[in-house]
Each structure stands twice: as C-alpha cells, then as structure tokens.
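Student: just the structure for this:
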Amino acid sequence: MNSKSLIAGLAILGCVSVASFTAQAATAPEPTIQPSRDNMRELEVGSRSPQEFQRPAAALKDWKAKGLEEPAKMSQWVRINDKYVEVQTTNGQITKIVPIEK
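Tutor: The predicted structure follows:
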C-alpha cells in the first residue's frame, strides 16, 4: 500500500468519526424537569400525584403526631403545599386529602 492511499484512508476515517460524534451530541436527551410544588394543579381524590411524592423520601415519618390515621398498605402520607395527602406508592393515586390546620 502506498503512502498516498494510507493518508487518504486515515483522512476519511477521521472525518467519519467526527461526523458521528456531532450527530450523537445533537440527539442527546433533554434533562427531566420535576414539577414545582408552587405551580401544581389543584389536588383531587382519585387523581395522580406528581412522581416525586411517590418516593419513600417524601413520606411523612411523624404522621401519627400530626393527627393522621395510619396509611393504607402500599401508601404514604406526604405534604403537598398546605395539605396532607395520602398517596399510593404503586401508582401515585391520591386516596385522601386533609387540610393542614394552622
């Protein structure tokens, strides 16, 4: 193989590699935006809560001290704005809503 063919082959390979990286960068997924607690729709029993409230980290650990009944199996109490909401952890369905007494 002569040097001109080798140089031409490497040049083509380099161009294809750069074009491949550019195409991958252009199709990168956008970051997921979590819902804001301040801009949420009105909550209703039977509707779905935002996913962030289905996570164990969102659960109220002291629900009994707040005067709430024990959450049902596979459910947890969370605080959303000025309400305590019982949310099913499996599908996010809201089963109870209790206003926070001030």
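Student: how does this structure divide into domains?
Tutor: Following automatic domain parsing, the chain resolves into domains at 1-29, 51-99.
Student: end to end, how far does the last one reach?
Tutor: Terminal residues of domain 51-99 lie 21 Å apart, using Cα to Cα, to the nearest Å.
Student: stretch 70-90 now?
Tutor: 17 Å.
Student: circling back: so which of the domains of the chain comes closest to residue 44?
Tutor: Across the domains of the chain, residue 44 has its closest neighbour in domain 51-99 (6.9 Å, Cβ to Cβ). Glycine gets a C-beta too; all of them are placed from N, C-alpha and C.
Student: any idea of the mean pLDDT in the closest one?
Tutor: Taken as a whole, domain 51-99 has a mean pLDDT of 94.
Student: okay if I get the domains of the chain as JSON lines plus mean neighbour count and distance to residue 42?
Tutor: As requested, the domains of the chain are exported to JSON lines (neighbours: other Cβ atoms under 10 Å; distance: least, Cβ to Cβ, whole Å):
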{"stretch": "domain 1-29", "mean neighbour count": "9", "distance to residue 42": "31"}
{"stretch": "domain 51-99", "mean neighbour count": "15", "distance to residue 42": "10"}
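Student: for these, give me a markdown table that also has distance to residue 44.
Tutor: As requested, those are arranged in a markdown table below (distance: least, Cβ to Cβ, whole Å):
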| stretch | distance to residue 44 |
| --- | --- |
| domain 1-29 | 32 |
| domain 51-99 | 7 |
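Student: select, out of these, the one closest to residue 43.
Tutor: Between residue 43 and the domains of the chain, the shortest gap by Cβ to Cβ is with domain 51-99, which sits at 5.9 Å.
Student: any idea how far residue 45 is from residue 4?
Tutor: 77 Å (Cβ to Cβ, to the nearest Å).
Student: over to residue 60?
Tutor: Distance from residue 60 to residue 4, by Cβ to Cβ: 74 Å.
Student: all the helices of this protein, residue numbers only.
Tutor: Assigned by DSSP state H, the helices in the chain fall at 3-26.
Student: any idea how far apart the tips of stretch 73-89 sit?
Tutor: Across stretch 73-89, the terminal residues are separated by 9 Å (Cα to Cα).
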